[in-house]
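Participant: Fold the following for me, if possible:
(one chain, ligands or ions: 2)
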Amino acid sequence: MNLQKSVEDNGYRQSMGQLLMLYTQVDRLIMEVCAQRLTDAPDEDAELSLAKQVGDESRHVTIQRQWMRQFGAAPTPLITPEQEQMIREYFHALPWIDFLADLYVCVEALGSEAVERIVPLADPGTRESLRIPLADELDHVAFGISRLRKELARLPKAERQTFLERLPARIESLADAFHGFGVPVRSLFEAVGADYDRLCELLEDRQKELIAELTFGKQPPQPTHATAVVSA
Ligand SMILES: [Fe+2]
Ligand SMILES: [Fe+2]
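Facilitator: Ligands and ions are numbered 1, 2, ... in the order given. Next up is the predicted model:
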């Protein structure tokens, strides 16, 4: 990662504004797909966690919108309404185990990892706006991973192994679909001072760590609560 860019820098302001917009759009979509899933959650534990998450994501959207207004950038949405609809339909159609893998491993865990990497490069106001959302994401990831472990434990060993072996390809195809939306992720990250190739390597490492957490026989991840891990 490079040196922090100045908030006075117009390129930084525009790009950070767009990244904030992207994060807000994704949070809103997560709120919607979790609300949708609430009606056919497999049990009460899942219902309660999904309901909490709907509330959390709604709060994140409010915080981010408020901050974007103060920040002064007027970003336009990066994901089109048609793409948003495709995303909703995609998640709605997924069986529970695939929903857990795609939403929690890919979107929540890897997505918030990317956001975390931006925090040290961000101006103080943006950093503060990300503090509560990123702390909540830890809870969402902990829920998703523990439920996914539970689902995997129910599968016969061979099926479980196949599922885990296919997980990297699954994540890659979701990432490809996202890149296919035409969001200029690399240039946005670079404009706020991030080393994009290094970021991709860190995301690969995080992916391996997550798959290890899901591999049967290893210790389950300890539940994390909304503690402030994001350095202020
Ligand atoms: Fe969120
Ligand atoms: Fe979340």
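Participant: In three-state terms, label the residue of the chain found nearest ligand 2 for me.
Facilitator: Closest approach of the chain to ligand 2 (Cβ to the ion) occurs at H140, with a separation of 3.8 Å. Where C-beta positions appear, they are placed from N, C-alpha and C, glycine not excepted. At H140 the chain is in helix, as set by DSSP: H, G, I helix; E, B strand; the rest coil.
Participant: Counting neighbours, what do you get for it?
Facilitator: If you count neighbours by other Cβ atoms under 10 Å, H140 ends up with 23.
Participant: residue contacts, L29?
Facilitator: Taking Cβ atoms under 8 Å, 6 or more residues apart in numbering as the contact definition, L29 lies against I79, E84, I87, R88.
Participant: Show the subsequent helix or strand relative to the helix or strand it falls within.
Facilitator: Counting by DSSP states H and E, the element that carries L29 is helix 10-38. As assigned by DSSP H and E, the chain's next helix or strand after helix 10-38 is helix 44-71.
Participant: Next, the angle from the helix or strand following that following helix to helix 10-38.
Facilitator: For helix 44-71, the following helix or strand on the C-terminal side (DSSP H and E) is helix 81-93. Between helix 81-93 and helix 10-38, the angle formed by their directions is 40 degrees, by axes from the mean of the first three to the mean of the last three Cα atoms, to 10 degrees.
Participant: Quick check: Q64 touching S129?
Facilitator: Yes. If you go by Cβ atoms under 8 Å, Q64 and S129 touch, sitting 6.3 Å apart.
Participant: Now list whatever residues contact both of these two.
Facilitator: Counting by Cβ under 8 Å, 6+ apart, the contacts common to Q64 and S129 are L20.
Participant: interface residues of the protein facing ligand 1?
Facilitator: Contact residues (Cβ under 5 Å from the ion) of the chain with ligand 1: D27, E57, H60, P133.
Participant: Just flag the most distant two among those.
Facilitator: E57 and P133 (8.6 Å; Cβ to Cβ).
Participant: With neighbour numbers in mind, choose between those two.
Facilitator: Residue environment comparison for E57 versus P133 gives the larger neighbour count to E57, 25 against 21, counting by other Cβ under 10 Å.
Participant: how near is the more buried one to T24?
Facilitator: Look at E57 and T24: by Cβ to Cβ, to the nearest Å, they are 10 Å apart.
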